[in-house]
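# What shape does this take:
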Amino acid sequence: MKGALVSRSVLITGGSRGIGLAAARAFQAAGDRVAVTYRTAEPPSGVLAIRCDVTDTAQVDAAFKEAEDAHGPVEVLVCCAGIAKDGLLMRMSEDDFTSVLDTNLTGTFRAVKRASKAMLRARSGRVVLVSSAVGLRGEAGQANYAASKAGLVGFARSMARELGSRNITFNVVAPGLTSTQMADVLTDEQRESLVAQIPLGRLALPEEIASAITFLASPQAGYVTGAVIPVDGGAGMGH
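Here you go, the predicted structure:
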């Protein structure tokens, strides 16, 4: 983040790979002190990696305490932890639906609530939530995922109104199909079909999503809050 005056304490949930890890590297390059949470993936090297399941409030609290003990109160929170359990509605179990919402949406609630304590005391903070173009435009077979990602928009905008007077900003990045492990499960046919719907004709790079995240957390974005920034190659235009 060019323009940052001091090293800040940054916590990224789901920062062990893909977009989260790219964001962690970008914040590090700007001189920030970065901690990431991970659940099942291998912890990345070079950052403070904290095992945490965001569906467990006690684990979220413990992760924040470990980050605070090492780097000081969290000044920038990026919520990137998420799962997908795709399936057509008639084949989707109730657990498939609720578990995705518990991780992607309620997990974000847990992290934001914990982070807000120190941010309120400091009367300053940056929160960036990683949603998805699917949350804005919908996708067959992803009702649970789309609902969870759409929910982040309403949550962020409510928090922007609730905590804006304390100089805490809340913004959303909505990535399109990105070259990560989540996209690796697609068949060649599925990938080609999805890419054909993208005006720029390719998948995003995690680093391109990270650039939007770091901008929203930067001093240059101090007057940006409640925004939804699509980084989707044009796939979701008009949504």
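
# what ranges do the strands span in the chain?
Here the chain has its strands, by DSSP state E, at 9-13, 33-38, 48-51, 76-79, 125-130, 168-175, 228-231.

# Compile those strands into a markdown table and extend it with columns for mean pLDDT and mean neighbour count.
(C-beta placed from N, C-alpha, C; glycine too.) What follows is the strands of the chain, written out as a markdown table (pLDDT from 0 to 100; neighbours: other CB atoms under 10 Å):
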| stretch | mean pLDDT | mean neighbour count |
| --- | --- | --- |
| strand 9-13 | 98 | 28 |
| strand 33-38 | 97 | 26 |
| strand 48-51 | 97 | 19 |
| strand 76-79 | 98 | 29 |
| strand 125-130 | 98 | 27 |
| strand 168-175 | 97 | 26 |
| strand 228-231 | 96 | 20 |
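
# Out of these, the one nearest residue 190 is which?
strand 168-175 (17.4 Å; CB to CB).

# I'd like the strands of the chain as JSON lines, with distance to residue 65 appended.
Shown next, in JSON lines, are the strands of the chain (distance: least, CB to CB, whole Å):
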{"stretch": "strand 9-13", "distance to residue 65": "11"}
{"stretch": "strand 33-38", "distance to residue 65": "11"}
{"stretch": "strand 48-51", "distance to residue 65": "10"}
{"stretch": "strand 76-79", "distance to residue 65": "14"}
{"stretch": "strand 125-130", "distance to residue 65": "17"}
{"stretch": "strand 168-175", "distance to residue 65": "20"}
{"stretch": "strand 228-231", "distance to residue 65": "31"}
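
# For the longest helix along the chain, which residues meet the burial criterion?
Identified as the longest helix of the chain according to DSSP state H is helix 143-163. Neighbour-count burial for helix 143-163, counted by 16 or more other CB atoms under 10 Å, picks out 143-153, 155-157, 159-160, 163.

# and if you look at stretch 90-103?
So, applying 16+ other CB under 10 Å, buried residues of stretch 90-103: 92, 96, 97, 99, 100, 101, 102, 103.

# Could you export those residues as TSV, including pLDDT and distance to residue 39?
Shown next, in TSV, are the buried residues of stretch 90-103 (pLDDT from 0 to 100; distance: CB to CB, whole Å):
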residue	pLDDT	distance to residue 39
92	97	22
96	98	18
97	98	20
99	98	13
100	98	14
101	98	16
102	98	13
103	98	9
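
# Apart from its chain neighbours, what residue comes closest to residue 43?
Among residues not flanking residue 43 along the chain, residue 49 sits closest, at 3.4 Å (CB to CB, 6 or more residues apart in numbering).

# Point out the other helices and strands that the longest helix of the chain packs with.
helix 94-101, helix 107-122, strand 125-130, helix 133-137, strand 168-175 (3 or more CB pairs under 8 Å, 6 or more residues apart in numbering; DSSP states H and E).
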